[in-house]
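1. Sequence unavailable; structure follows:
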């Protein structure tokens, strides 16, 4: 029997349940080993146990992301409706993203002075933007500056807020969807964060994009509709 698309959230929920217990048990035994016998293990075995514990923590984080993704995909998460200044949100998130700094990759935010207000779930949008920034910066191997630019543009339904993340020499002052490619949600190395980011953005009525051609992984964009402000 094949798994249908509608069953994916239930499969994710089942996987989370099955994975969480053994990972928790292994992590607990590793901590107990260090606490009871750490002094007798020696430096090299302690390093190996430390690496194993870090891997358990990474697995636990992946399981949490998987759980979150399943809930969003299944519609069990109710998005907040609050007024969000997207430019301010971007700056706050960017200040906490340090991916690539060890390779001298820098991130600069370019935003207009006026507020970019939209209605959405602030914490969830921060989560999505952080994932997009980290994934894009991760793809740049050489030193340099990436620019996260944000702005507004009119469309058929009113206005759209856009964010582009691209190398400094490729940054533009506007967003044109035809210049971008479909977003690859399944790129590796960042767990389920991009899948979750895509689900969050789409739940807000927006879309994610990848850079065209050779910049498919080295640039990214997203759009969000600017809905009517609540009275």
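-> Cool, got the structure. Please read all numbers here as calculations on a predicted model, not as lab measurements.
2. Pull out the buried positions in the host helix or strand of residue 83.
-> Using DSSP states H and E, residue 83 sits in strand 82-85. By neighbour count, with 16 or more other C-beta atoms under 10 Å as the criterion, the buried positions of strand 82-85 are 84, 85. Bear in mind the C-beta positions are built from the backbone N, C-alpha and C, glycine included.
3. And that strand, what does it pack against?
-> Contacts defined by 3 or more C-beta pairs under 8 Å, 6 or more residues apart in numbering; DSSP states H and E place strand 82-85 against strand 117-120, helix 122-138.
4. Identify each buried residue in the single longest helix found in the chain, please.
-> Ranked by residue count and defined by DSSP state H, the top helix of the chain is helix 8-41. Buried residues in helix 8-41, counted by 16+ other C-beta under 10 Å: 9, 12, 13, 16, 19, 20, 23, 26, 27, 30, 33, 34.
5. picking that back up, quick one: which of the helices and strands packed on strand 82-85 is nearest residue 155?
-> Closest of the helices and strands packed on strand 82-85 to residue 155 is strand 117-120, at 13.1 Å (criterion: C-beta to C-beta).
6. Identify all contacting residues around the closest one.
-> By C-beta atoms under 8 Å, 6 or more residues apart in numbering, the residues outside strand 117-120 that reach it are 79-86, 161, 204, 224-230.
7. what about 6 Å?
-> Contact partners of strand 117-120, identified using C-beta atoms under 6 Å, 6 or more residues apart in numbering, comprise 81, 83, 84, 85, 86, 161, 204, 224, 226, 227.
8. Over to stretch 144-163?
-> 86-87, 90, 94, 106-111, 116, 118, 137, 164-165, 168, 171, 175, 222-226.
9. Any stretches of this structure with poor pLDDT?
-> Scanning the chain for pLDDT under 70 picks out 1-7, 74, 156-157, 187-190, 213-216, 228-231.
10. show me what contacts the residue nearest to the spatial centre of it?
-> Within the chain, the residue whose C-alpha comes closest to the C-alpha centroid is residue 131; the distance, by C-alpha atoms, centre = their mean, is 1.8 Å. Residue 131 makes contact with 193, 194, 197 under the criterion C-beta under 6 Å, 6+ apart.
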